[in-house]
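Visitor: Here's my sequence, what's the structure:
(chains A and B)
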There are 2 protein chains.
Amino acid sequence: MKQITVHAPATVANIVCGFDVLGLALNNPYDKLVMRLLPEKTIRIINKDNFMLPVEPEKNVFGGALLAMMRELDDNIGFEIESTKNIMPGSGIGSSAASAAGVVVGANHLLNNRFSKTDLVRFATYGEQVASGARHADNIAPCIYGGVTLIRSNDPLDIIPLNFPPLFVTVIHPQLEVKTSDARQILKKQILLKDAITQWGNVAGLVAGFMKEDYELIGRSLHDVLIEPVRSMLIPGFDELKKRSIEAGALGGGISGSGPSVFMLSKDEATAKKVEQAMRSVYEKIGVDFHIHLTTVNKSGVDVINAGQK
Amino acid sequence: MKQITVHAPATVANIVCGFDVLGLALNNPYDKLVMRLLPEKTIRIINKDNFMLPVEPEKNVFGGALLAMMRELDDNIGFEIESTKNIMPGSGIGSSAASAAGVVVGANHLLNNRFSKTDLVRFATYGEQVASGARHADNIAPCIYGGVTLIRSNDPLDIIPLNFPPLFVTVIHPQLEVKTSDARQILKKQILLKDAITQWGNVAGLVAGFMKEDYELIGRSLHDVLIEPVRSMLIPGFDELKKRSIEAGALGGGISGSGPSVFMLSKDEATAKKVEQAMRSVYEKIGVDFHIHLTTVNKSGVDVINAGQK
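Guide: Coordinates of the predicted model:
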């Protein structure tokens, strides 16, 4: 039986000012899936970790994404997935996106790459729907494409990979729960035009900064006047975390996706390590448990490795 | 007496989705100024055209801009300006910005370039204030820098020149008046967050399109869901103008600044000529008088030429 191993990276959605449109992939952590093609229309999910995620396909992110793909297949085939999640569900670094993106890229590989990347993003958003109720692609796109991605439009889906300079990413994950749906609900539906102008000035600056490989411009553009002021209230010590990180040399950063993880970008590893120390000391002082990752931007997205026969 | 001739280009602010942050400079039309340094603190304005603009410095765009500069000078000097405006006031292609930007770049040249470009933009916005009551820089920045510019922030001023591919611009100027202040007043102060997200997706797409020299992406990003639906009501035949231009091959376009001029971008001259024909036929049919310009993006901004002695 044909068997593959898939690595699906964590991702940071929004990148501060680019709410719902920008995202980037991380080299660490990543989820591991072992997948096999089955000769019948079924989805079999085997959890190899301790997250106790549901295994019924309709209630599972893998299932939601695969069922969307299988609706466009006539073949009498199915998939078995052995899942080892390293990206903690609810961490805000694209845990559900990694499952959804990983499983559709793996399935497509087992089907000899019948579908385009845009198709795969579309299928994977049905996995996101199972997790959060919304078919958002801002983690899915960087997870599948790698690097930094822009979703110019969701309908029709228009994903633009952006050039970017070497970047080190420090991510701190406080061990507390912020539900994506709650984090979305507290946002105002109406905003001031003048604030929106400030925001799209920064979004434009951030895109230009990435493409010009201009670290200073990236730093100056990492400001969010709309979402962060509201959502950061859900994250203990947020302001201190940000202030200390920037003092330690970070270009800037903010809430990863809808939180609770907070990420900071740095232009070299030594700085990113100082930022890690600064973040640690803030959270040790206020006594919140946390995980911390020091990593770089993943350039290749979901990776199919170790393809072979069982 | 030292005398210079200055050419100050017309500009297109906003570039559809980039309200208040993006702008580009045109090779045609441009204003012509002849400037001389005077040995006393005075501003002498001589109009060589028929626009009957006021010559009192406090009421004049040249004066507003120059007075801002002169407040930062200790010298006992002044300027004489002979102005030939080719950019019609109220056309929406940066007539007041050309005056303000042209005069400060010229004055700086006469002063052996004491001030930075950012200083010059700042001074010139005081000229805009005389014209429209607001110190906006979205025409000033491309007029001084040339090319396509992003104003990431107004305070502090942060202007980012963007790369872009060759672009042909067709601009139609219906002979009717839309006051910048009126065009601003009809905008809603509150907008929906979801519309703002669509807008900054397009702003990001447009910046990426310019920098990647990706004409298709530029075209797909030239959509404005916030300002155009409101302001286009002030421009007769707007929807038809846009529809016919895009059928003729334009990448896209929309209202130039606050109107009434409408511009369209094309990737080659032949297409831009077809767009010109399409625009002409729409306005000939509805019987609105117009001027039309077919030009390219100006890369150098305000130009000091023919510097010499009188």
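
Visitor: those helices in the stretch 151-300 of chain A, which residues are they?
Guide: A:180-185, A:193-212, A:215-221, A:228-231, A:238-247, A:269-286 (DSSP state H, counting those that start in this stretch).

Visitor: any idea how far the shortest one is from the chain center?
Guide: If I follow you right, that is helix A:228-231. Computed by C-alpha atoms, centre = their mean, to the nearest Å, the chain-centroid distance of helix A:228-231 equals 19 Å.

Visitor: got it, and the second one?
Guide: Here the centre of helix A:193-212 is set off from its chain's centre by 21 Å, with C-alpha atoms, centre = their mean.

Visitor: Please apply the same query to the third one.
Guide: In terms of C-alpha atoms, centre = their mean, the centre of helix A:215-221 is found 22 Å from the chain centre.

Visitor: what helices or strands is it leaning on?
Guide: Taking 3 or more C-beta pairs under 8 Å, 6 or more residues apart in numbering or on different chains; DSSP states H and E as contact, the helices and strands that helix A:215-221 lies on are helix A:193-212, strand A:252-255, strand B:148-154. Yep, even glycine has a C-beta here, placed from its N, CA and C like the rest.

Visitor: redo that, cut-off 6 Å
Guide: Using 3 or more C-beta pairs under 6 Å, 6 or more residues apart in numbering or on different chains; DSSP states H and E, the elements in contact with helix A:215-221 are helix A:193-212.

Visitor: Now do the helix it packs on against helix B:193-212, angle only.
Guide: 30 degrees (axes from the mean of the first three to the mean of the last three C-alpha atoms, to 10 degrees).

Visitor: Distance check, whichever residue of the stretch 201-310 of chain A sits closest to chain B against residue A:196.
Guide: Nearest residue of the stretch 201-310 of chain A to chain B (C-beta to the nearest C-beta) works out as residue A:205 at 3.7 Å. Look at residue A:205 and residue A:196: by C-beta to C-beta, to the nearest Å, they are 15 Å apart.

Visitor: So what's the residue count around residue A:186?
Guide: Neighbourhood size, residue A:186 [other C-beta atoms under 10 Å in any protein chain shown]: 12.

Visitor: Distance check, the closest residue to it other than its chain neighbours against residue A:93.
Guide: Closest residue in space to residue A:186, ignoring its immediate chain neighbours: residue A:230 at 5.6 Å, by C-beta to C-beta, 6 or more residues apart in numbering or on different chains. From residue A:230 across to residue A:93, the span is 20 Å (C-beta to C-beta).

Visitor: repeat for residue A:276
Guide: In terms of C-beta to C-beta, residue A:276 sits 15 Å off from residue A:93.

Visitor: Look at those two and report which has more neighbours.
Guide: Taking neighbours as other C-beta under 10 Å, residue A:276 and residue A:93 compare with residue A:93 leading, 26 against 21.

Visitor: Got the phi and psi for the more buried one?
Guide: Dihedral pair for residue A:93: phi -120, psi 40, per degrees, to the nearest 10.

Visitor: surely it meets residue A:261?
Guide: Yes: using C-beta atoms under 6 Å, residue A:93 makes contact with residue A:261 at a distance of 5.2 Å.

Visitor: so residue A:4 makes contact with residue A:35?
Guide: Yes: counting by C-beta under 6 Å, residue A:35 is a contact partner of residue A:4 at 5.4 Å.

Visitor: Give me the common contacts of the two.
Guide: residue A:106 (C-beta atoms under 6 Å, 6 or more residues apart in numbering or on different chains).

Visitor: Now do stretch A:15-22: distance to the chain's middle.
Guide: Relative to the centre of its chain, stretch A:15-22 is centred 12 Å away, using C-alpha atoms, centre = their mean.

Visitor: Now it - C-alpha only, CSV.
Guide: Taking Å, rounded to 0.1, in the frame of the first residue of the first chain, the C-alpha atoms of stretch A:15-22 are listed here in CSV:
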residue,chain,number,x,y,z
ILE,A,15,1.0,39.6,10.6
VAL,A,16,-0.3,42.4,12.7
CYS,A,17,-1.9,44.9,10.3
GLY,A,18,-3.0,42.4,7.5
PHE,A,19,-6.1,41.1,9.2
ASP,A,20,-7.6,38.3,7.2
VAL,A,21,-5.3,38.9,4.2
LEU,A,22,-1.6,38.2,5.2
